[in-house]
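Novice: Provided below for reference: sequence and predicted model.
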Amino acid sequence: MIDEEADRRALPGNGLPAERVLAEVRALRAADRPTHGGRLFAYVYDPAVPGLDELAAAAYAGSAHVNGLDPTAFPSLLAMENALVGAAARLLGGGPGSAAPDVVGSVTSGGTESLILAVKAARDAHPEITEPRIVVPASAHAAFAKAAHYLRVAVDPVPVSARTLRPAAADVAAAIGPATVLVVCSAPSYAHGVVDPVAEIARAAASAGVRCHVDACFGGWTLPYLRRLGVDVPPFDFALAGVTSISVDLHKYAYAPKGVSVLLHRDPALRAPQYFAYADWPGYTMVNPVIASTRSGGPIAAAYATLRHLGDDGYLRLAAATRDAVAGLADAVRTVDGLRLMAEPESTVVCFTATDPGLDLFVLVDELAARGWHTQPQQSYADLPRSVHLTVTAAVAPRVAEFGPDLADAVAAARAAGPVALPAELLALAGTLTPEALTPDLVAGLAAGLGLTIPADAAPADAGTAPADAGTAPAGPLPGRTAVVNTLLDAAPPALRERLLVEFVGLLQRPTW
Ligand SMILES: Cc1ncc(COP(=O)(O)O)c(C=O)c1O
C-alpha cells in the first residue's frame, strides 16, 4: 500500500518514475519569477539567444560529476578553467602584449566567493599586520562586509556623494592607514550602476603600497563592449598600474548559468596567499585555490560552452541591445512626472527615485509587479533616498516599448492608492528598537501590527504570527504586496533591518516533513 504522505517527501519510500519527478520540478518552478521574457530586472541575466540554454545545459550535464578538487585527475576542467581565466583577463586589460602580461586567476562559484578570496589574499599577504583593515566605499557590494566578517578584517567605510553616487578618491586615499591591506572600488556599483574613480583610487592605493581590488563582478563583462560601442567608459581594468585584482562574474553578463565568477590577480605572487593547502592529517594533501574543495565541473563547462558559442561578436551585439534597452527605459522614466533617475545610466542599470511625496516607490514596485514587471526596491540609506533598481539585460530590448505605458499606468495607480501609512507607534518602534531587543514575541507583535500572518505550514509551532505575507498574497509564505514590509524595513536602521530579515528568512527555512 502506498503511504501518500510519505510519497510526497523528497525521499519517498519507493523511488518515482523520472517523468513524474521532472513534472514535479516543473510544477514547483511555475511559482518562480519568470527567468526569461525580459520582465525581471534582478537576479537573472538573459541574453534571449535561442538554443543557448540547451547548449549550456548539455555542457553542464556532461561535466556535472567531474570534481575540481584535483585538477590532475580531471584535466578537462583545468583546461576549461584556464581558458575562462584567459578570456576574462584579455577582456580586462591583461594577457600577452598588455600592461599586465602575467595575470593569473581562478574560477569561483560567484561574486561573493571572488570577493572573499580577494580579501583573504590581501589579508594573508600581511601576516605581520595583526588587525588588518580594508577601505570600502559605501556603494561597494555587501559581499565585502561579508568577507570582512568571515575573515575578521575591519572595514573603513568611505561615504559616497548623494550627487555622483561615487566615493571621492581623496576620501578613499585619506582612509588608507598602516593596517590597510586592501582598497576596493566598483566598476560599476550594483545599486546605481556607476563606475568609481578607479584610476585615482588605484593610484592612491599604489602609492601607499596597498592592493587595489576592482569589483567588476556585475558589469565587468559589459563595460569593455560598451566602450567598443562608443560609450565613454573610464579606465577601470589592468591598464591601470595600481589595479592588483579584478573580479568578474560569468553568471551575470557573460550569460552563463549560475555558479561561475573569475577572480584575476595581476601576477602569481599576488595570488599565492589565496591558496589553502593542508597536509597535516592522514588523508590526501588538500590544496584549494578557492573556498570549496569538491567543485562540480558543471558550471565551468556551461560557462565555457556559453563563451564559445556567443563569441566576441555575440557579446558585442548583446551589449548593443542592452545599451539600447537602457536608453529606452531611462527615457520612459524621464517622461513620467514624479520620477527622477538617480544617475544618468552609464552601464546596464536604470535606477530611479520619486520626487514627490504622494508617489510611494514601494507601492509603485507592487503596481509594476501587478503588470508583470519585476523590479528591485532599494531602501533609503544615509542621505540616499529609497530607489528602484533595474538590472537590464539583452532580453529586455524587445520589451522596452511596453514598459513606458505600463510605468505611467503604475505610477497613476500608485498615486491613487497613496503612500503606505504604517501605524505611528510601529514606525516609532522601528526607529528606536535595537536588534538585540528583537525577540520572537516582538516579531510576532510587529507582524500583528502590520496585519500579517504566516501560514501555519510555514510557521514553527511556537511562532504565532510573523511578518510573512504583506496583505494580498495568496496562500504561501512569500509576500505578494511588498510595500508594507518595505516601508517597515525602510523605517528601521540597517542593523535592525538585518535582524528582521534574518528572523523572516529563518521562518521560511523550515524542513518539510
Ligand atoms: C558589484 C557586485 N559584486 C559582487 C556581487 C556578488 O555576486 P554573487 O551574488 O554572484 O555572489 C554582485 C551581485 O550582484 C555585484 O553586483
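Specialist: Structure received.

Novice: For the chain, which residues are neighbours of the ligand?
Specialist: Residues of the chain lying close to the ligand (Cβ under 6 Å from any ligand atom) are 110-112, 115, 141, 143, 186, 190, 215, 217-218, 249, 261. The C-beta positions use only the backbone N, C-alpha and C, and glycine is treated the same way.

Novice: quick one: low-confidence parts of the protein?
Specialist: 1-2, 444, 447-480 (pLDDT under 70).

Novice: quick one: contacts for Leu40?
Specialist: Neighbouring residues of Leu40 by Cβ atoms under 8 Å, 6 or more residues apart in numbering: 33-34, 46, 374.

Novice: Of these, grab the buried ones for PyMOL.
Specialist: The buried residues among the contacts of Leu40 can be selected in PyMOL (16 or more other Cβ atoms under 10 Å) with this line:
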select buried, resi 46+374
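
Novice: Tell me which residue of the stretch 1-150 of the chain lies closest to the ligand.
Specialist: Nearest residue of the stretch 1-150 of the chain to the ligand, counting by Cβ to the nearest ligand atom: Gly111, 2.3 Å away.

Novice: wait, that residue sits on Ile246?
Specialist: No. Applying Cβ atoms under 8 Å, one finds Gly111 not in contact with Ile246, separated by 11.7 Å.

Novice: More neighbours: the two, which one.
Specialist: Shown here are Gly111 and Ile246; by other Cβ atoms under 10 Å, Ile246 has more neighbours (33 against 23).

Novice: Next, work out how far apart the closest residue to Arg211 other than its chain neighbours and the ligand are.
Specialist: Closest residue in space to Arg211, ignoring its immediate chain neighbours: Thr244 at 4.3 Å, by Cβ to Cβ, 6 or more residues apart in numbering. Distance of Thr244 to the ligand, given as Cβ to the nearest ligand atom, to the nearest Å: 17 Å.

Novice: Now stretch 268-283: buried residues?
Specialist: 270-271, 273-274.

Novice: can you give me how far it is from the chain middle?
Specialist: 28 Å (Cα atoms, centre = their mean, to the nearest Å).

Novice: Same check on stretch 12-23?
Specialist: 34 Å.

Novice: and if you look at stretch 29-44?
Specialist: Relative to the chain's own centre, stretch 29-44 is displaced by 15 Å; criterion: Cα atoms, centre = their mean.

Novice: Mind giving me the packing neighbours of the longest helix anywhere in the chain?
Specialist: Determined from DSSP state H, the single longest helix within the chain is helix 298-334. Counting contacts by 3 or more Cβ pairs under 8 Å, 6 or more residues apart in numbering; DSSP states H and E, helix 298-334 is packed against helix 52-63, helix 75-91, helix 223-228, strand 339-341, strand 349-354, helix 400-417.

Novice: most tightly surrounded among the ones you listed?
Specialist: Of these, the one with the most neighbours on average (mean count of other Cβ atoms under 10 Å) is strand 349-354, at a mean of 24.

Novice: quick check: angle from it to helix 298-334?
Specialist: When axes from the mean of the first three to the mean of the last three Cα atoms, to 10 degrees is applied, the directions of strand 349-354 and helix 298-334 differ by 40 degrees.

Novice: What helices and strands are in contact with strand 349-354?
Specialist: Helices and strands touching strand 349-354, by 3+ Cβ pairs under 8 Å, 6+ apart, are helix 298-334, strand 339-341, helix 361-370, strand 387-391.

Novice: Run me through the strand neighbours of the shortest one, direction for each.
Specialist: It stands for strand 339-341. strand 349-354 (antiparallel) (DSSP bridges).

Novice: tell me the angle of the partner strand relative to helix 361-370?
Specialist: Between the axes of strand 349-354 and helix 361-370, defined by the same axes, to 10 degrees, the angle is 130 degrees.

Novice: Tally up the residues packed near Pro50, please.
Specialist: 7.

Novice: Compile the contacts of Leu40 into TSV and extend it with columns for secondary structure.
Specialist: Output for these, formatted as TSV (DSSP: H, G, I helix; E, B strand; the rest coil):
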residue	secondary structure
Arg33	coil
Pro34	coil
Asp46	coil
His374	strand
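
Novice: So what's the residue count around the closest residue to Leu390 other than its chain neighbours?
Specialist: Excluding the flanking residues, the one nearest Leu390 by Cβ to Cβ, 6+ apart is Phe41, at 3.9 Å. As a burial measure, Phe41 scores 22 neighbours (other Cβ under 10 Å).
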